[in-house]
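> need a structure here:
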Amino acid sequence: MTSQNIIDSNGSWTKIIRPKRRPARFTPAGIVARPRIDHALRVADFVSVYKQTVLGPLWFVIQPVLTTIVFTVIFGNIAKLPTDGLPPFLFYMAGNTIWAYFSVPAW
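As a prediction, the model looks like this:
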């Protein structure tokens, strides 16, 4: 780091601190150009999320299926919401899949 003291016309001073070199720039194009880094980050994220669970990566499949079953029972059987002729399980699974795609960080 380098610093510079500046004195204003009214006698007050300001210290400006600047780095010695430019900070690294991370752009989407740089990540695409280095797919190993992107893959390593995705694997690390996946492992960190599912390593502490009892079922491990199987939880990745079980969780949406259980959520869909709960939605089917509550909204299909108890609330009797119409699904426009589609099977309720398929309807709620499609909704969960789309929701998960847009709500979870990109892996």
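> any weak-confidence spans in this protein?
For the chain, the stretches with pLDDT under 70 are 1-5, 30-34, 104-107.
> Strands of that one, start to end?
2-7, 13-18 (DSSP state E).
> starting at the chain centroid, how far to the last one?
Strand 13-18 has its average C-alpha position 38 Å from the chain's average C-alpha position, going by CA atoms, centre = their mean, to the nearest Å.
> can you check stretch 97-104 too?
Distance, centroid of stretch 97-104 to centroid of chain: 10 Å (CA atoms, centre = their mean).
> Export only the CA atoms of that stretch, formatted as CSV.
Extracted C-alpha coordinates of stretch 97-104, given in CSV (Å, rounded to 0.1, in the frame of the first residue of the first chain):
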residue,chain,number,x,y,z
THR,A,97,-38.4,-28.1,-10.4
ILE,A,98,-38.9,-24.6,-11.9
TRP,A,99,-38.8,-23.0,-8.4
ALA,A,100,-35.6,-24.8,-7.5
TYR,A,101,-33.9,-23.8,-10.7
PHE,A,102,-34.4,-20.1,-10.2
SER,A,103,-34.0,-20.0,-6.4
VAL,A,104,-30.8,-22.0,-5.8
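> which residues sit against that stretch?
residue 64 (CB atoms under 8 Å, 6 or more residues apart in numbering). Just so you know, the C-beta spots here come from the backbone N, C-alpha and C atoms, and that holds for glycine as well.
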